[in-house]
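> With the input below, show me the fold.
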Amino acid sequence: MSSDEFQQVKTNDIQKQITNMLAELISSKISLKKIAIKGFLWKAMREWQVSHNSTVMDTEDENSSSTSIRITQITEMLDIFKSKISEVLSENERINLDEAIKECIKQYSKKYAHR
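Model (predicted):
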């Protein structure tokens with residue numbers, strides 16, 4: 001991912017916190033460093049934003065982003081993330097990644113989906 005693509009990812013402070021939490025959880029389950037995982041997460045977030053013609057402001061709008069919509073959005077982003085990162089993981093790490101993603105959705109639902 002080029003620096004231009006990173007600059008195009010639209011986030012706010014809460015989404016940066018979420019990305020840090022996700023990267024921390026995932027890095028505890030697979031052998032990639034947190035910074036590499038963040039790169040894959042940013043790339044997935046950017047792809048999701050482009051494919052949904054959406055911005056951070058759209059996803060943070062209380063009138064259009066219910067808890068269930070937010071959980072759907074994070075699940076879709078993590079699916080994109082999984083498809084991208086799986087290319088560099090061993091079979092065992094992909095199994096661990098599946099477990100990590102389930103935990104990420106659980107933690108996201110608990111800490112961030114209700115905002």
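> in stretch 47-55, what's buried?
Buried positions in stretch 47-55, judged by neighbour count with 16 or more other CB atoms under 10 Å: 47-49. Every C-beta, even on glycine, is put in place using the N, C-alpha and C of the backbone.
> quick one: contacts for Lys34?
23-24, 27 (CB atoms under 8 Å, 6 or more residues apart in numbering).
> Which among those residues count as buried?
23, 27.
> Can I get the contacts of Lys34 in a markdown table including pLDDT and distance to Leu97?
Listed next are those as a markdown table, based on pLDDT from 0 to 100; distance: CB to CB, whole Å:
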| residue | pLDDT | distance to Leu97 |
| --- | --- | --- |
| Ala23 | 98 | 13 |
| Glu24 | 97 | 14 |
| Ser27 | 97 | 11 |
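> Please identify the one among the contacts of Lys34 that lies nearest to Ser54.
Nearest to Ser54 among the contacts of Lys34: Ala23, at 21.5 Å, using CB to CB.
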